[in-house]
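In: coords please:
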Amino acid sequence: MSSRLMAGLLAVIAAGGVVAGALMESGLPAPATQWAFIVPGLTLPALGWLLVSRRPDIRYGWLLLACGLSLGIVTLGIGLSVRTGQSNLLSSASAVYYGLTWIFVPLLFPDGRLPSRRWRAVAWISGLAIAAHTTGLAMMGFAPQAVPGSPLSSAGIVGALMGALGQLVTWIMAAIVFCGLVVRWRRSARAERGQYAWMVGGTAVTLAGGVLLLLFGSELSVFSMLGVVTMLGSLPTAIGVAIVRHRLFDIRIVIRGSRLHLVFDVRPTVDEVLSELGTALEHTPEPVEQLGKLAAAVRAGLETRWAAVTLADGPRVVAGREEGQAVLTVPVRGGHIECGPRDAGPLTREDRRLLEALAVPAGLAIQSAGLVTRLVNAQEAERRRIERNIHDGVQQQLVALIAGLELARATGAGPDMLAHLREQARQTLTDLRELAAGIHPSSLSQGGLVEAVEERCSRLPVRTTVTSSPSLRARRFPDEIEGAMYFTVSEAVANALKHAGAANIEVRLSQSEGRLRATVADDGKGFDPSATGRRGLAMLSDRLDALGGGLVVDGEQRKGTRINAWVPVDE
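Out: Predicted coordinates:
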């Protein structure tokens, strides 16, 4: 069952208990005094439902629902007792309502968490006191009596003592919590001071109402009625005013349109922002546009003037008009997110939690954008390399060959010149084959990965060993996978020859656990990977990343280098 559905069900049960119990107690038509009880009694479940349904990340809404539910239960119990003339177990829930209202509503304000670890003892003692008070009331209500009006039985005496002790401790804990709330109000930031001020006032009035009920609750008087109304309505009123005037829980009530009407404009929840962001990224294939969607989602979610997403080695995309310094920066994989100031108040702890929740999709979007950017740059660099090799190599050889043929035709060339031209044509063909092999070798297309790697390593001037399983030799993989692994091995052995001064190179190809692996190890001079770039392997690493794989380089001075590459494949 979803949180919204559960919250709605609990709110309906609480409201139904309040209305049904009050009407059973007074009958129809209900007097004005009873409606003065019903109307404020419905505010707690209504507020709790609003918070849980719109801000499920804040636990405070569930606490208000629990208060409203306990009020509904005790009201229904009183109504049943009046109708049946017998004690009802539901009436003992009054201790739960008083304890939650006097202690836990101010203690867990405003996010449903304890102010600090030091308040754990107060919470545990309060919980035990509420349980003792509730149990004592239940025992007193159902304790057997020999004759009506006679003294309580032993069970009733135990219940009375337990209830009195629980009630006393509840009052003491309520006083301690109220003093702590006042201290938190005095120490709160400017943006939160108004919220705490209203909670302090609401709690003070609630406790005063409790005192009136304690003194005059047994008689029907103006003081007892005043105590009931203040007990029920002061805290919901304080929370409502804090919402309207000080944006408590990031809820705003504004007036829109040509006619006057109230609109609850609630900041989107973490789940809503993540859902909207996922849909936006799914329908935005371009990486840079994805960064723009991400920045816009952060700005809308936090209601800041601007938000920016920056790649570690790439572009910076800003949503909104960038004015002023960033007030919140959160690093994510491959970059970081910056937020400008808000129009109303500073960023809070909840804002940081929202931004941290966006870190995972943000990191994926940033990584995707950076990967695509590097791949595009790598493709452009490779295109220019091939163009340069053709222009400086094969093209010049063909020009010279054509000029030689023209000269041979004009002068009637002899056998020596024709032999020279034939050799020149053979060399051009050889260079073309080498160039084509650098793009996609024919042995890879015809014989597969193992055969292509063996052919590549057979031409090396140092001792090179290629090992693989027999089953892998006959196995074929998609072209993009075979190409990525082949060129990774080719680049690794080339680096071993050019930079490591290796005398022995070992290449191992294997497949296990859904991965195709290639390991290239040499006995060269090695290097420090943290202090040296991976040169051409960086582009190949991006190519493997795009396929869901990876590349790890292990090296140490004078102890050789080991390169491990892998890509996921079907078994």
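
In: Pop the domain breakdown of the chain in here.
Out: 1-86, 89-98+109-187, 188-266, 267-369, 376-438, 447-568 (automatic domain parsing).

In: can you tell me which of those domains the model trusts least?
Out: Per-segment mean pLDDT for these reaches its minimum on domain 376-438, at a mean of 66.

In: Let's have the domains of the chain in a markdown table, adding mean neighbour count.
Out: All C-beta spots, glycine's among them, are computed from the backbone N, C-alpha and C. Converted to a markdown table, these look like this (neighbours: other C-beta atoms under 10 Å):
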| stretch | mean neighbour count |
| --- | --- |
| domain 1-86 | 19 |
| domain 89-98+109-187 | 17 |
| domain 188-266 | 17 |
| domain 267-369 | 18 |
| domain 376-438 | 13 |
| domain 447-568 | 17 |
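
In: do you know how far the most centrally placed residue in the chain is from residue 332?
Out: Closest residue to the average C-alpha location of the chain: residue 357 at 2.4 Å, with C-alpha atoms, centre = their mean. Distance of residue 357 to residue 332, given as C-beta to C-beta, to the nearest Å: 11 Å.

In: do residue 302 as well
Out: Going from residue 302 to residue 332 by C-beta to C-beta gives 15 Å.

In: ok, now residue 453?
Out: The gap separating residue 453 from residue 332 is 38 Å, by C-beta to C-beta.

In: ok, now residue 18?
Out: Where residue 332 is concerned, residue 18 sits at a distance of 48 Å (C-beta to C-beta).

In: now residue 172
Out: Counting by C-beta to C-beta, the gap from residue 172 to residue 332 is 48 Å.

In: Likewise for residue 294?
Out: The gap separating residue 294 from residue 332 is 10 Å, by C-beta to C-beta.

In: And residue 110, by the same measure?
Out: According to C-beta to C-beta, residue 110 stands 28 Å off from residue 332.

In: do residue 169 as well
Out: From residue 169 over to residue 332 the distance is 48 Å, taken as C-beta to C-beta.

In: Equivalent analysis for residue 57, please.
Out: According to C-beta to C-beta, residue 57 stands 20 Å off from residue 332.

In: State the helix or strand in which the closest residue to residue 99 other than its chain neighbours lies.
Out: Nearest in space to residue 99, with sequence neighbours left out and distances taken as C-beta to C-beta, 6 or more residues apart in numbering, is residue 130 at 3.5 Å. Element membership for residue 130, per DSSP states H and E: helix 120-142.

In: Tell me the helix or strand right after that helix.
Out: helix 154-187.

In: now that next one against helix 120-142, angle please.
Out: Helix 154-187 and helix 120-142 meet at an angle of 150 degrees, taking axes from the mean of the first three to the mean of the last three C-alpha atoms, to 10 degrees as the criterion.

In: Any idea how far helix 154-187 is from the middle of the chain?
Out: When distances are taken as C-alpha atoms, centre = their mean, to the nearest Å, helix 154-187 is centred 39 Å away from the chain's centroid.

In: Run through the neighbouring helices and strands of that helix.
Out: Using 3 or more C-beta pairs under 8 Å, 6 or more residues apart in numbering; DSSP states H and E, the elements in contact with helix 154-187 are helix 94-99, helix 105-107, helix 120-142, helix 190-216.

In: So what touches the second one?
Out: If I follow you right, that is helix 105-107. 63-64, 67, 114-115, 119, 122-123, 126, 177-178, 180-181, 199, 203, 235 (C-beta atoms under 8 Å, 6 or more residues apart in numbering).

In: ditto for the first one
Out: Residues from elsewhere that reach helix 94-99, judged by C-beta under 8 Å, 6+ apart: 67, 70-71, 73-74, 126, 129-130, 133-134, 136-137, 163, 166-167, 170, 210.

In: Quick check: residue 405 is in a helix.
Out: Yes. The assignment for residue 405 is a helix, going by DSSP: H, G, I helix; E, B strand; the rest coil.

In: Report the contact partners of it.
Out: Contacts of residue 405 by C-beta under 8 Å, 6+ apart are residue 421.

In: where's it relative to residue 419, distance?
Out: Here the criterion is C-beta to C-beta. By it, residue 405 lies 13 Å from residue 419.

In: ok, now residue 39?
Out: Distance, residue 39 to residue 419, using C-beta to C-beta: 111 Å.

In: which SSE is the closest residue to residue 302 other than its chain neighbours in?
Out: The shortest distance from residue 302 to any non-neighbouring residue, by C-beta to C-beta, 6+ apart, is to residue 351 (5.2 Å). Residue 351 belongs to helix 349-357 when assigned by DSSP H and E.

In: So which elements touch that helix?
Out: If you count contacts as 3+ C-beta pairs under 8 Å, 6+ apart, helix 349-357 packs onto helix 270-282, helix 287-302, strand 328-332, strand 335-339.

In: Now do it against strand 335-339, angle only.
Out: Using the same axes, to 10 degrees: helix 349-357 against strand 335-339 is 150 degrees.

In: Helix 349-357 to strand 328-332, inter-axis angle?
Out: If you take the same axes, to 10 degrees, helix 349-357 sits at 20 degrees to strand 328-332.
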